[in-house]
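# with the sequence up front, the predicted model follows.
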Amino acid sequence: MRCSAVLISAVTFAGLAFGQTPDPIKPLVDRLDLERYKATIKGLTQFGDRRQGTERNRAANDWIETQLKSYGCGNTERLTYDYQVPTPATGGAGRGSGGRGPGRAGVRTKGVRGPTGVNNDPMKQRDEKLRALNTPPSVSGERQEVYCTKIGTKHPEEMYVVSAHMDGIGWGEAANDDASGTAIVLELARILNSPEVETERSVRFILWNNEESGTNGALAYVNQRKDLQGKEDPAGSGKYPEPKWLGVIQHDMMLFDHGMPGKDGKPGKDQRVEADVNIEFQANSKMAAESAALAWQVHAANEKYATEYPANVGPHMSNTDSARFQDFVASISLRENERMLHIGTGWDPHWHQPTDLFVNFTDADFKLGLNAAQSTLGAVAQLAGARVKP
Ligand SMILES: [Zn+2]
């Protein structure tokens, strides 16, 4: 026994000695922590549903910016745009499933469906304080969304985008949709902006606004900044206000995978044993091949770094902010389930409902979000060339 133990440690030592360098990514992924992730989600839920065009939405943006700065992502910026709330006569506000955008057609759903829709009835929120917080309506006018950038040491002119949407609807706390994704972006910003971490390429952390009204915040960003990509400004400064887009990784509803509803229309009480992270690209887009390649890179990072849940790749990315990028750059979304086949057929009973509350999710649910964070961080750290400085 003793002899073989010595032999094994000698072999391990030799392996390291002869060029087998330790994985530079794993120490970064190890900095993710379930309690921190949960605390960040909880922090966001203090602003209720964070509906776009309200004071609680603006307060949440201020809070997000303060968090990013405290993590060392000090170069925060705000994209400003105008949004006009549609009147009921023209349709739109408060109707449908939100997140409208390109690429939602052509998915045939099968199996048992549960109920879906957006709750617009304040009285369905039994918590009076939360109901009062969520009462002021969305008002037309100026909107803002916050982002900050880890600047690459070798290629500051190129970047990956890590994103989620900070606005919600439904008279709850928008805990799963989408504080769960917003907290992933904030956690990755925290880890990659530690002073001892450097990346060769830039990484931008963006918290979209107006997703629930139809991905209007992401559309405003694309329209304002698409043509600025890769341009040095001012000339000779070494500064690139909009590094060239290399990939967009969106996170939207990260916690709840309790399976297909039963005959009673209700999904299971617990996270199902087959729960997984769904990585989607859009097959009907101009960058489908590049997006599929990015999806498989995140899948590979999941296999290497995720601690509890596996990942799956599917071709139906839809109804979230990354769809606004899908014809320009490799674009994917990570979710608890496929948006069209699963969430769209009622697999998540809290979706856009007053019950989308922090207290309605268990650690098994939160861990699915953490595993998505491990997958994205592993992939982005590798793609952007991240390492802890020696
Ligand atoms: Zn969402």
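That came through, no problem.
# is it true that N371 touches E303?
No: with contact defined as C-beta atoms under 8 Å, N371 does not reach E303; the gap is 11.3 Å. Every C-beta, even on glycine, is put in place using the N, C-alpha and C of the backbone.
# compare those two and say which is more crowded by neighbours.
Between N371 and E303, counting by other C-beta atoms under 10 Å, N371 is the more crowded of the two (24 against 11).
# how long is stretch 305-318 end to end?
Distance between the two ends of stretch 305-318: 26 Å, counting by C-alpha to C-alpha, to the nearest Å.
# do that stretch and the ion come into contact?
No: legend: contact between stretch 305-318 and the ion by C-beta under 5 Å from the ion is lacking; minimum distance shown is 11.4 Å.
# that stretch: which residues count as buried?
Buried residues in stretch 305-318, defined by neighbour count with 16 or more other C-beta atoms under 10 Å: Y305, A306, Y309, A311, V313, G314, P315, H316, M317, S318.
# ok, the first one - contacts?
It refers to Y305. Y305 makes contact with I25, K26, V29, Q374, S375, L377, G378, according to C-beta atoms under 8 Å, 6 or more residues apart in numbering.
# what about G262, how many neighbours?
Neighbours around G262, by other C-beta under 10 Å: 11.
# and the next element down the chain from the lengthiest helix in the chain?
Across the chain, the longest stretch assigned as helix under DSSP state H is helix 363-384. As assigned by DSSP states H and E, the chain's next helix or strand after helix 363-384 is strand 386-388.
# name every strand pairing with that following strand and say which way it goes.
Strand 386-388 sits in its sheet next to strand 197-199 (antiparallel), going by DSSP bridges.
# what mean pLDDT does the strand it pairs with get?
In this model, strand 197-199 has a mean pLDDT of 98.
# list the contacts of stretch 133-146.
47-49, 51-56, 58, 61, 64-65, 68, 76-85, 93, 122, 125, 166, 171, 206-210, 213, 216-217, 220-221.
# now do the strands in the stretch 101-250 of the chain.
141-150, 155-165, 197-199, 201-208, 244-251 (DSSP state E, counting those that start in this stretch).
# give me the nearest residue to the residue most central in space within the chain, chain neighbours excluded.
Centroid-nearest residue in the chain: H251, 2.0 Å away (criterion: C-alpha atoms, centre = their mean). Among residues not flanking H251 along the chain, G181 sits closest, at 3.3 Å (C-beta to C-beta, 6 or more residues apart in numbering).
# for P156, give me its contacts.
With C-beta under 8 Å, 6+ apart, P156 has these contacts: S202, G238, K239, Y240, P243.
# what do you get for F366?
With C-beta under 8 Å, 6+ apart, F366 has these contacts: L34, Y37, K38, I41, L255.
# picking up where we left off before, let me have the strands of the stretch 101-250 of the chain in JSON lines, extended by distance to Q382.
Formatted as JSON lines, the strands of the stretch 101-250 of the chain follow (distance: least, C-beta to C-beta, whole Å):
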{"stretch": "strand 141-150", "distance to Q382": "15"}
{"stretch": "strand 155-165", "distance to Q382": "10"}
{"stretch": "strand 197-199", "distance to Q382": "10"}
{"stretch": "strand 201-208", "distance to Q382": "11"}
{"stretch": "strand 244-251", "distance to Q382": "12"}
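# the ion contacts on this structure?
Residues of the chain found near the ion (C-beta under 5 Å from the ion) are D177, D178, D252.
# skipping its backbone neighbours, what lies nearest the first one in space?
With C-beta to C-beta, 6+ apart as the measure, M253 is the residue that lies nearest to D177, at 4.9 Å, once sequence neighbours are left out.
# how far away is the one you found from T215?
14 Å (C-beta to C-beta, to the nearest Å).
# ditto for S331
12 Å.
# who's more crowded, those two?
S331 (32 against 26).
# next up, the contacts around the residue nearest to H251.
A164, H165, Q250, H251, D252, M253, M254, L334, G369.
# recalculate using a threshold of 6 Å.
A164, H251, D252, M254 (C-beta atoms under 6 Å, 6 or more residues apart in numbering).
# with L377 instead?
Per C-beta under 6 Å, 6+ apart, neighbours of L377: V29, L188.
# ok, A300 - how many residues close by?
Neighbour tally, A300, other C-beta under 10 Å: 15.
# looks to me like it is in a helix.
Yes: the assignment for A300 is a helix, going by DSSP: H, G, I helix; E, B strand; the rest coil.
# report all helices and strands that the host helix or strand of I64 contacts.
Assigned by DSSP H and E, I64 belongs to helix 55-70. Applying 3 or more C-beta pairs under 6 Å, 6 or more residues apart in numbering; DSSP states H and E, we find helix 55-70 packed against strand 141-150.
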